[in-house]
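Engineer: I need the structure of the sequence given here:
(chains A and B)
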Amino acid sequence: MLKYIIPTIMLMPLTWLSKNNMIWVNSTAHSLLISFTSLLLMNQFGDNSLNFSLLFFSDSLSTPLLILTMWLLPLMLMASQHHLSKENLTRKKLFITMLISLQLFLIMTFTAMELILFYILFEATLVPTLIIITRWGNQTERLNAGLYFLFYTLAGSLPLLVALIYIQNTVGSLNFLMLQYWVQPVHNSWSNVFMWLACMMAFMVKMPLYGLHLWLPKAHVEAPIAGSMVLAAVLLKLGGYGMLRITLILNPMTDFMAYPFIMLSLWGMIMTSSICLRQTDLKSLIAYSSVSHMALVIVAILIQTPWSYMGATALMIAHGLTSSMLFCLANSNYERIHSRTMILARGLQTLLPLMATWWLLASLTNLALPPTINLIGELFVMMSTFSWSNITIILMGVNMVITALYSLYMLIMTQRGKYTYHINNISPSFTRENALMSLHILPLLLLTLNPKIILGPLY
Amino acid sequence: MERRYWDGKVSEIKKKIQSIFPGGAWNPLYDTSHLPPERSDVVIRLEKQQGAIRVLVVERDHTYARASTVLSVGGIRQQFSLPQNVQLSLFSAEFLRNINEYLAVVDDPPLDLQFNPSGYLLLASEEGAAIMERNVKMQRQEGAKVCLMSPEQLQKKFPWINTEGVALASYGLENEGWFDPWCLLQGLRRKLQSMGVLFCQGEVTRFISSSSHMETASGEQLTLKRIHEVHVKMDHSQEFQPVECAIVVNAAGAWSGQIAELAGVGNGPPGTMQGTKLPVEPRKRYVYLWHCPQGPGLEAPLVADPSGAYFRREGLGNNYVGSCSPTEEEEPDPGNLEVDYDFFQEKVWPRLAQRVPAFETLKVRSAWAGYYDYNTFDQNGVVGPHPLVINMYFATGFSGHGLQQAPAVGRAVAEMVLEGHFQTINLSPFLFSRFYFGEKAQEHCIL
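Structural biologist: Predicted coordinates for the structure are as follows:
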């Protein structure tokens, strides 16, 4: 594992010591190289995990997420170049340092073997994200957004600390390898109810669950592009990953404790999709669409069937790439028009046809077009929830329709129609932007050919 | 409101005039400016979505003390010579009739516009009779209810008129009259504030823009500008606030010319599109209020003499307001708003007294002056985007009939910004490019 952590740490001195005109090139190129090395992780046994040490391991659940995280850093750096071009040098380097430290914490979180280490790094990821949102966001609302983000997540996760320490004291170890074998069934009692809640709430807030999702639209909208990308693609998946790990020790309580959350997620999925239809702010639409997709993941994890776990992991990876790409597209709009409102920038297809292609692909993957991995994830979740309870098919079906509706709505509003006067002289798509989009969509399309690598440990 | 560096998602700023942008499916933008608009307000009507576009209205004078809107006579008529003008004021009349539906604010009292639907009576002499008949035919085609009256009918209907020299008269039967412009202004402001539009007192002093060179289809090189920031100078201080914006709507009325120059409109060799300035300048107009005990009664419309003098009834106590548009030579100096009573004695009174004999015994009570945002090119409004400064839209230059067209013009600008073309009323004769191409959309019936 050190072969990923040390290079990532060393990216920081690379940034600070590079020549002024080379900071972007250096950091992007080197982080890209590091992300290629992460592919080595795939070389592991199917049903066991690859244990590097007593601290770090990676199995077929954390590997795709890890690869996604490391893939995203060069993309974030490419996306941030434009809006940081006017800042002074120290600020730029500081921004890149924040991204690198966030990346570092995320790598360690996904590979942490010890649950307390996981918790510490889970909390540690909040700090660089908060700094990125509040310092480099665009509107004054970013302060409020940072506050919501920090305190929602913090309040949700402090009980988790207590619960983990309790489990450490009772079970004896929080090391994941050993925990699998020492786990005792958790019987129904009031204190166990609270322990269950304490363990799960942190991840519910992070996912986010429908009732606790208020921080997400704010944080996503107010964050700069790199912040939005990492939030949507990776930080939300931290919640999913944590839930997948922690449900191991919470059986059989999950069978009945999960009901309120399943209800909330099923209903919230439709609610947030419907809100997307009414949004005028492009980033806000993508943020709510994230909530909707993650609600599916929550349902899948809570019903705990093999197919649903596979669907959840596939959906997490697929959504990570798609959401990040949509945010990049929205940002390319924003950089030209300085407005996130959809209706002010219309008819872009006539002006920027290649970008329209990326918009089309992103919208199609967002609405889970077959045969993309988005569909595979959603389909697995739908099938498993159907077999868990037949009625959920209605809600899931409605959600899929509404998802298609708002994805196409977003596509048509921004791309089709007659363009307005005030976008007459927008600059054409930069190669950097096209590269960014293609680097997002290429893994997504390639995974369509071999989805089994993202289907998680239960494949 | 204290903001250090306010990056509006989208701010529309207008110098003393504000324009608000609608966000959402159907948001008309309304612009009020009648007598010279020193400031015009724009209203947004958000049908469905609130807060979609953030609008900032920049006003130089919060009290509207010298605003053309509130100093105007407040009339609305459909008797124009251009079909577009007729359509604009038809919609505005419908807007004003239903103002409490359009501008309803929760928990606030309804607006009382005091709309007097008494109509306009335009008189024509022998030379103008043929033109008037043609105009009325066009107005009727557009849907205005105007009737033509011969001198005998005129004498029968309005016995206080002296029909000497009048060959034909056109009388507006519906949707014409006058109303309280202050009420409209306050109604618009109230509605805007309730919809979340930000008002700011300040003066636009600078536009920060970026240029890009583009080539037209015929191979000509053009420089397109895009405004990125507006510097709004605070009142009584040297401080200015930079506001990042996506679109700027210039509805500064009489001062739109100055604003346009700040944005770089007209900086170029004359005879090119770059060198075409916005030909809107402030022109001072007087309005006099007098009392005449034997004057025309309640049925008196706004009478416009062929000589240029006009008057209307004001209130119920035999008071009248009226004036006359000065000729080019008599143009008063627009530096201040001082009233010249000699103008009334020499120019206005004789004409009024000749038309309405009862006015020989009138007594002037008071007078005021206001600015017209006079379009020196063709006395009609400029609506729509500028071809080169691509995110600046105009809604100005109405030369005295802005107030009555304000609601419709607002809607038109909204359509232009959101859809890219005019949808309900085709105002393409009012685009800025006509100044370069020399296509006049001349309005003949100017009061």
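Engineer: so residue A:61 makes contact with residue A:242?
Structural biologist: No. At 11.1 Å, residue A:61 and residue A:242 do not qualify as touching, with contact defined as C-beta atoms under 8 Å. C-beta coordinates here come from the backbone N, C-alpha and C atoms, glycine included.
Engineer: hmm, residue A:252 is touching residue A:185, no?
Structural biologist: Yes. Distance between residue A:252 and residue A:185: 5.7 Å, which falls inside the contact criterion (C-beta under 8 Å).
Engineer: these two - which one has more neighbours?
Structural biologist: Here residue A:252 and residue A:185 are compared on neighbour count by other C-beta atoms under 10 Å in any protein chain shown; more neighbours surround residue A:252, at 12 against 9.
Engineer: and the more buried one, how close does it get to residue B:104?
Structural biologist: With distances taken as C-beta to C-beta, to the nearest Å, residue A:252 is found 58 Å from residue B:104.
Engineer: ditto for residue A:121
Structural biologist: For residue A:121 relative to residue B:104 (C-beta to C-beta), the value is 54 Å.
Engineer: of the two, which one has the most company?
Structural biologist: Remark: of residue A:121 and residue B:104, residue A:121 carries more neighbours, 19 against 15, as counted by other C-beta under 10 Å.
Engineer: for chain B, what's the longest strand?
Structural biologist: As far as residue count goes, and with DSSP state E defining each element, the longest strand of chain B is strand B:198-215.
Engineer: now stretch B:317-325: average pLDDT?
Structural biologist: This predicted structure assigns stretch B:317-325 an average pLDDT of 88.
Engineer: then stretch A:354-361?
Structural biologist: On average, stretch A:354-361 scores 95.
Engineer: so what touches it?
Structural biologist: Counting by C-beta atoms under 8 Å, 6 or more residues apart in numbering or on different chains, the neighbours of stretch A:354-361 from elsewhere in the structure are A:325, A:329, A:332, A:348-349, A:411, A:414-415, A:429, A:433-434, A:437-438, A:441.
Engineer: farthest pair in the residues you listed?
Structural biologist: When the contacts of stretch A:354-361 are compared pair by pair using C-beta to C-beta, the farthest-apart members prove to be A:414 and A:438, with a separation of 19.1 Å.
Engineer: quick check: residue B:311 vs residue A:93, distance?
Structural biologist: In this structure, residue B:311 and residue A:93 are separated by 73 Å, where distance is defined by C-beta to C-beta.
Engineer: meant to ask about residue A:407, not that
Structural biologist: Computed as C-beta to C-beta, the residue A:407 to residue A:93 distance reads 37 Å.
Engineer: swap in residue B:268?
Structural biologist: Residue B:268 sits 42 Å away from residue A:93, going by C-beta to C-beta.
Engineer: out of these two, which sits in the more crowded spot?
Structural biologist: Neighbours per residue (other C-beta under 10 Å) separate residue B:268 from residue A:93, with residue A:93 holding more: 19 against 15.
Engineer: hang on, that one packs against residue A:16?
Structural biologist: Yes. Under the criterion of C-beta under 8 Å, residue A:93 lies in contact with residue A:16, with a separation of 5.5 Å.
Engineer: just the helices in chain B please.
Structural biologist: Assigned by DSSP state H, chain B shows helices spanning B:68-71, B:83-97, B:99-102, B:126-142, B:151-157, B:181-194, B:256-262, B:341-343, B:349-355, B:402-419, B:433-437.
Engineer: wait, the stretch 101-250 of chain A
Structural biologist: Remark: helices assigned in the stretch 101-250 of chain A by DSSP state H, counting those that start in this stretch are A:115-124, A:126-136, A:142-171, A:176-182, A:190-206, A:215-222, A:225-230, A:236-246.
Engineer: just put those in JSON lines and tack on distance to residue A:421 and mean pLDDT.
Structural biologist: Listed next are those as JSON lines, based on distance: least, C-beta to C-beta, whole Å; pLDDT from 0 to 100:
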{"stretch": "helix A:115-124", "distance to residue A:421": "48", "mean pLDDT": "94"}
{"stretch": "helix A:126-136", "distance to residue A:421": "31", "mean pLDDT": "94"}
{"stretch": "helix A:142-171", "distance to residue A:421": "30", "mean pLDDT": "92"}
{"stretch": "helix A:176-182", "distance to residue A:421": "59", "mean pLDDT": "84"}
{"stretch": "helix A:190-206", "distance to residue A:421": "43", "mean pLDDT": "92"}
{"stretch": "helix A:215-222", "distance to residue A:421": "26", "mean pLDDT": "92"}
{"stretch": "helix A:225-230", "distance to residue A:421": "26", "mean pLDDT": "93"}
{"stretch": "helix A:236-246", "distance to residue A:421": "38", "mean pLDDT": "93"}
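Engineer: could the ones you listed go into JSON lines alongside distance to residue B:430?
Structural biologist: Formatted as JSON lines, those follow (distance: least, C-beta to C-beta, whole Å):
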{"stretch": "helix A:115-124", "distance to residue B:430": "60"}
{"stretch": "helix A:126-136", "distance to residue B:430": "43"}
{"stretch": "helix A:142-171", "distance to residue B:430": "41"}
{"stretch": "helix A:176-182", "distance to residue B:430": "72"}
{"stretch": "helix A:190-206", "distance to residue B:430": "55"}
{"stretch": "helix A:215-222", "distance to residue B:430": "37"}
{"stretch": "helix A:225-230", "distance to residue B:430": "40"}
{"stretch": "helix A:236-246", "distance to residue B:430": "50"}
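Engineer: give me the more crowded residue out of residue A:414 and residue A:438.
Structural biologist: Neighbours per residue, other C-beta under 10 Å: of residue A:414 and residue A:438, the larger number sits with residue A:414, 24 against 15.
Engineer: show me what counts as buried in stretch B:324-342.
Structural biologist: Burial within stretch B:324-342, assessed by neighbour count using 16 or more other C-beta atoms under 10 Å in any protein chain shown, is assigned to B:324-326, B:332, B:334, B:337, B:339-340.
Engineer: what is the nearest of these to chain A?
Structural biologist: Taking C-beta to the nearest C-beta as the measure, residue B:334 is the one of the buried residues of stretch B:324-342 closest to chain A, at 31.6 Å.
Engineer: that closest one contacts residue B:286, doesn't it?
Structural biologist: No. With contact defined as C-beta under 8 Å, residue B:334 and residue B:286 do not form a contacting pair (11.9 Å).
Engineer: OK, contacts around residue 324?
Structural biologist: Picked chain A for this. When contacts are counted by C-beta under 8 Å, 6+ apart, residue A:324 is found next to A:72, A:75, A:229, A:232-233, A:440.
Engineer: could you do chain B instead?
Structural biologist: Each residue near residue B:324 by C-beta under 8 Å, 6+ apart is listed here: B:307-310, B:343, B:347-348, B:351.
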